[in-house]
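Trainee: The sequence isn't on hand, but the structure is:
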Ligand code: AHG
Ligand code: MN
Ligand code: MN
């Protein structure tokens, strides 16, 4: 892997790594530039949202509720707008919209399909905890003007790229085209993403779990038993859970850890969505040497039947995920 010194911008990194991806075209770089632009706009809005949230807390709950909704919609519209003008996509799938979104006739289409959770962790907006945007990019297979469902209802192993932007204490864009996972931190004073996490690699094993433990009694008893076992003090485990997948995942990618969202009584197929949550993060985790399953199957091998399909998710350091698979087999 090429060496990149401090101060490498996202644009420079994309242009200089293009040759490593034979299928990639200029339009792919343009697509990622649009993603970065939308990410900057959302980052700016999220920062002002914190301020407005503080004002809102002194008023009625309604304003808070409305506000959360506004930021979800803002992120959705911002990414859609950034992509539809640029001639880089032929279809967008969003958590915020029931049906796939097509490029208006006034604009050119491109060869990529973009799936997104425009704002993940929206319940955390008014708490100032990390939230983010998660995305997955397929190259189209269909031939017409608009993309088709067949362009996205494919295994995650087909992805050309995936990533997320976490709006936290800082704004970080994490991206993989399959070879390595790289993080770029936004310097808000100049409005550029700079390479800050080069070639993120996960250790084989971690001693940290992230899950909503309040639901543990609803989980598979074998999983409950595993949870009891790792709490043995001499094993040195700890827990970290924000309740924003993107924030929890980012923490685990940087520090190591196992994120779990098993099926519950309410969410029998799990809560998280395949196309724009589980699959992109699984693509990233595997590129960083980690692993992810739905309990028994590798997430990247599964073919969703619906654009909003849900899945249970166990994702993180390889040996931890293997251990969960073994626990659930036994
Ligand atoms: P979203 O805000 O996009 O609807 O996603 C929320 C998801 C995910 O971010 C998080 O991991 C999970 O909900 C938390 O669920 P619980 O509150 O059930 O723990
Ligand atoms: Mn989400
Ligand atoms: Mn969302």
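Mentor: Cool, got the structure. The structure displayed is predicted, hence computed values, not measured ones. Ligands and ions are numbered 1, 2, ... in the order given.
Trainee: Across the sheet, point out what pairs with the spatially most central residue of the chain.
Mentor: Closest to where the C-alpha atoms of the chain average out (C-alpha atoms, centre = their mean) is residue 134, at 3.2 Å. Residue 134 forms beta bridges with residue 117, residue 164, as assigned by DSSP bridges.
Trainee: and it, what does it touch?
Mentor: 116-117, 120, 163-164, 245-246, 276-277, 280-281 (C-beta atoms under 8 Å, 6 or more residues apart in numbering). All C-beta spots, glycine's among them, are computed from the backbone N, C-alpha and C.
Trainee: could I get those as JSON lines with pLDDT?
Mentor: Formatted as JSON lines, the contacts of residue 134 follow (pLDDT from 0 to 100):
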{"residue": "116", "pLDDT": "98"}
{"residue": "117", "pLDDT": "97"}
{"residue": "120", "pLDDT": "96"}
{"residue": "163", "pLDDT": "98"}
{"residue": "164", "pLDDT": "99"}
{"residue": "245", "pLDDT": "98"}
{"residue": "246", "pLDDT": "98"}
{"residue": "276", "pLDDT": "98"}
{"residue": "277", "pLDDT": "98"}
{"residue": "280", "pLDDT": "99"}
{"residue": "281", "pLDDT": "99"}
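Trainee: near ligand 1 too, which of the residues you listed?
Mentor: 117, 120, 245 (C-beta under 6 Å from any ligand atom).
Trainee: I'd say the first one and residue 273 touch.
Mentor: Yes - between residue 117 and residue 273 a contact is recorded at 7.0 Å, counting by C-beta atoms under 8 Å.
Trainee: Show me the common contact partners of these two, please.
Mentor: residue 95.
Trainee: show me where pLDDT drops low in the stretch 101-250 of the chain?
Mentor: Applying pLDDT under 70 to the stretch 101-250 of the chain flags no residue at all.
Trainee: how about the strands in the stretch 201-330 of the chain?
Mentor: Secondary structure of the stretch 201-330 of the chain (DSSP state E, counting those that start in this stretch): strands located at 208-210, 238-239, 258-261, 272-273, 291-293, 310-311, 313-316.
Trainee: So for residue 117 and residue 273, which sits in the more crowded spot?
Mentor: The neighbour comparison of residue 117 against residue 273 (other C-beta atoms under 10 Å) goes to residue 117, with 28 against 24.
Trainee: Distance check, that one against ligand 3.
Mentor: Look at residue 117 and ligand 3: by C-beta to the ion, to the nearest Å, they are 4 Å apart.
Trainee: Return the residues in contact with that residue.
Mentor: Counting by C-beta under 8 Å, 6+ apart, residue 117 has contacts 94-95, 133-135, 246, 273, 276-277.
Trainee: so which of these is the most crowded?
Mentor: Counting by other C-beta under 10 Å, top hit in these: residue 134 with 31 neighbours.
Trainee: Can you name the two of the contacts of residue 117 that sit furthest apart?
Mentor: Largest separation among these by C-beta to C-beta: 94 and 246, giving 15.2 Å.
Trainee: Would you work out how far apart the start and end of stretch 6-13 are?
Mentor: 11 Å (C-alpha to C-alpha, to the nearest Å).
Trainee: the domain parsing of the protein - what is it?
Mentor: Domain ranges of the chain: 10-197, 208-329, per automatic domain parsing.
Trainee: Do the longest helix seen in the chain and ligand 1 come into contact?
Mentor: Longest helix in the chain, counting residues (DSSP state H): helix 26-57. No - looking at helix 26-57 against ligand 1 by C-beta under 6 Å from any ligand atom, there are no contacts, and the closest approach is 13.2 Å.
Trainee: again with stretch 296-309
Mentor: No - if you take C-beta under 6 Å from any ligand atom as the test, stretch 296-309 misses ligand 1, and the best it gets is 11.3 Å.
Trainee: thinking again about what came up before, can you convert the ones next to ligand 1 among the contacts of residue 134 into a markdown table and add a column each for distance to residue 290?
Mentor: Listed next are the ones next to ligand 1 among the contacts of residue 134 as a markdown table, based on distance: C-beta to C-beta, whole Å:
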| residue | distance to residue 290 |
| --- | --- |
| 117 | 20 |
| 120 | 19 |
| 245 | 15 |
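Trainee: So which of the residues you listed would count as near ligand 2 as well?
Mentor: 117, 120 (C-beta under 5 Å from the ion).
Trainee: Going by distance to residue 213, which of the ones next to ligand 1 among the contacts of residue 134 wins?
Mentor: residue 245 (15.7 Å).
Trainee: wait, what's in contact with that closest one?
Mentor: Counted by C-beta under 8 Å, 6+ apart, residue 245 has contacts 120-121, 134, 259, 261, 272, 277, 281.
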